[in-house]
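Engineer: Fold the stuff below for me.
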Amino acid sequence: MRVAYFTGLRSIAIREQPEPRIEQPADVLLRVDRVGVCGSDVHYYTDGRIGDQILQLPATLGHECAGTVVEVGPGVERLQPGDRVAVDPAIACGRCDQCDAGRVNTCRNLRFLGGPGEAPGAAADRIVVPADNCLRVPDGMSMEEAALVEPLSIGLYAVRLGEVYPAARVAVLGAGPIGLSALLSAKATAPATVYVTDRIDRRLEIARRCGADWTGNPQREDVVETILMKEPRGLDLVFECSGDPACIGEAQRMLTPGGTLVLVGIPSDPSICFDIHTMRRKELTFKNVRRQKGCIAPAIRLISEAVIDITPLLTHHFPLDRIQEAFDLVAGYQDGVVKAIVDLSGQR
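Structural biologist: Reported below is the predicted structural model:
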């Protein structure tokens, strides 16, 4: 079978290797149909690391995926061959104090698909994963939509963590896949007013299609000043989804006293500066998002019931043999890309 490997910075190779086998009774063998190119994948592609998570080359890659069950282990009752599934790429141990407390997203022994030294990446014709990490999707849902369930679940989790409410005044900084997922989730959760900023006009166009009440490009205007002219008391919530440290300062200026900043994006620099006096005087709350918790099934439901239309995010499609082209496109923010999807099987 074919497997994609990082072989160096900005270098990906497709190699042949034996198909994996089910070794645990609760595991399933999946045919991978689609894999999305995620911003965290791109960090590994361009920098070889995310913080202290450093690639040991060659390394498999990919985690946003959807597939079809090929075989199930003897202990699996909930799934059967032929089932189409979205995959939660975070494999929790179920035994540590964090899992016992219901915090599976901060599991101390968590293994993540494509994570350095953790679990094999999803950019392969076949993968083996626990059945508990596979959730069936309705027949009417495309495999592209199913692959976007995981990033949507992160946006949904961020919105739940931020506790968006109907009259909330909200900003989303960064209109990439996660920022747009937060926007869609906020609009689906409550009729909040949502302001969206990004440096790429095409992404702002898509944000408006996804329900943004206002969009602004910080390269052409002072977005903080403009938003505060519209909302003189400030905003209740800001979701920082760009990973740009400058946006953290912008968020603090936008927030009303008692407001909340939800940090979703992953900065490339491990050290971030905060204006402690603004934080203190406004008594701001900062919350960090660690992937998602309990939001895969709700994300499937929101898409399948047409509460959320995720298709505006699907901008580019590539076969597996052009996966490096997909990564270069996303890394360079080229051609108005939002989400590039890699098609491994050709199945709908």
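Engineer: I'd like the distance between the residue nearest to the spatial centre of the chain and residue 232.
Structural biologist: Nearest residue to the geometric centre of the chain (CA atoms, centre = their mean): residue 151, 3.0 Å. Distance, residue 151 to residue 232, using CB to CB, to the nearest Å: 34 Å. Every C-beta, even on glycine, is put in place using the N, C-alpha and C of the backbone.
Engineer: contact partners of stretch 271-286?
Structural biologist: Residues from elsewhere that reach stretch 271-286 (CB atoms under 8 Å, 6 or more residues apart in numbering): 245, 248-249, 252-253, 255-261, 263.
Engineer: Pull the contacting residues for residue 22.
Structural biologist: 28, 29, 71, 72, 73, 128.
Engineer: Which strand or helix spans the residue of the chain most remote from its centre?
Structural biologist: Within the chain, residue 281 marks the point farthest from the mean C-alpha position, 32.6 Å out by CA atoms, centre = their mean. Following DSSP states H and E, one finds residue 281 within helix 276-282.
Engineer: Give me the average confidence score over that helix.
Structural biologist: Mean per-residue pLDDT for helix 276-282: 93.
Engineer: And the helix or strand that that helix is followed by, how far out from the chain middle?
Structural biologist: On the C-terminal side of helix 276-282, the closest following helix or strand by DSSP H and E is strand 285-288. Computed by CA atoms, centre = their mean, to the nearest Å, the chain-centroid distance of strand 285-288 equals 18 Å.
Engineer: Equivalent analysis for stretch 57-73, please.
Structural biologist: 16 Å.
Engineer: can you give me the end-to-end distance of it?
Structural biologist: 31 Å (CA to CA, to the nearest Å).
Engineer: same deal with stretch 103-121?
Structural biologist: 23 Å.
Engineer: With stretch 309-328 instead?
Structural biologist: Termini of stretch 309-328 sit 27 Å apart (CA to CA).
Engineer: Stretch 194-213 now?
Structural biologist: 5 Å.
Engineer: can you give me the offset of stretch 40-58 from its chain's centre?
Structural biologist: Counting by CA atoms, centre = their mean, stretch 40-58 comes out at 16 Å from the chain centroid.
Engineer: ok, now stretch 72-90?
Structural biologist: 22 Å.
Engineer: What lies in contact with stretch 256-264?
Structural biologist: Outside stretch 256-264, the residues that touch it by CB under 8 Å, 6+ apart are 154-155, 158, 161-163, 169, 178-179, 182, 233-241, 248, 251-252, 255, 281-289.
Engineer: Could you give the bridge partners of the closest residue to residue 212 other than its chain neighbours?
Structural biologist: Once flanking residues are discounted, residue 212 sits nearest to residue 196: 4.2 Å by CB to CB, 6 or more residues apart in numbering. Here residue 196 sits in beta bridges with residue 172, residue 215, as judged by DSSP bridges.
Engineer: So among the contacts of stretch 256-264, which ones count as buried?
Structural biologist: Buried members of the contacts of stretch 256-264, counted by 16 or more other CB atoms under 10 Å: 154-155, 158, 161-162, 169, 178-179, 182, 234-241, 248, 251-252, 255, 282, 284, 289.
Engineer: Just the ones of these in helices?
Structural biologist: 154, 155, 158, 161, 162, 178, 179, 182, 248, 251, 252, 282 (DSSP state H).
Engineer: now the helices: where do they sit in the protein?
Structural biologist: Taking DSSP H to define them, one finds helices in the chain at 39-47, 97-100, 143-147, 149-162, 177-189, 201-209, 223-230, 245-254, 276-282, 296-304, 323-331.
Engineer: Now tabulate those in TSV and tack on distance to residue 268.
Structural biologist: Shown next, in TSV, are the helices of the chain (distance: least, CB to CB, whole Å):
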stretch	distance to residue 268
helix 39-47	7
helix 97-100	27
helix 143-147	25
helix 149-162	18
helix 177-189	15
helix 201-209	19
helix 223-230	22
helix 245-254	9
helix 276-282	23
helix 296-304	27
helix 323-331	12
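Engineer: Can you give me the domain boundaries for this structure?
Structural biologist: 2-148+310-343, 154-288 (automatic domain parsing).
Engineer: Quote the end-to-end distance of stretch 35-51.
Structural biologist: 24 Å.
Engineer: Any buried residues in that stretch, and which?
Structural biologist: 35-46, 48, 50.
Engineer: could you redo those as TSV and give each row distance to residue 205?
Structural biologist: Below are the buried residues of stretch 35-51 laid out as TSV (distance: CB to CB, whole Å):
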residue	distance to residue 205
35	26
36	21
37	21
38	22
39	20
40	25
41	25
42	22
43	26
44	29
45	26
46	26
48	33
50	29
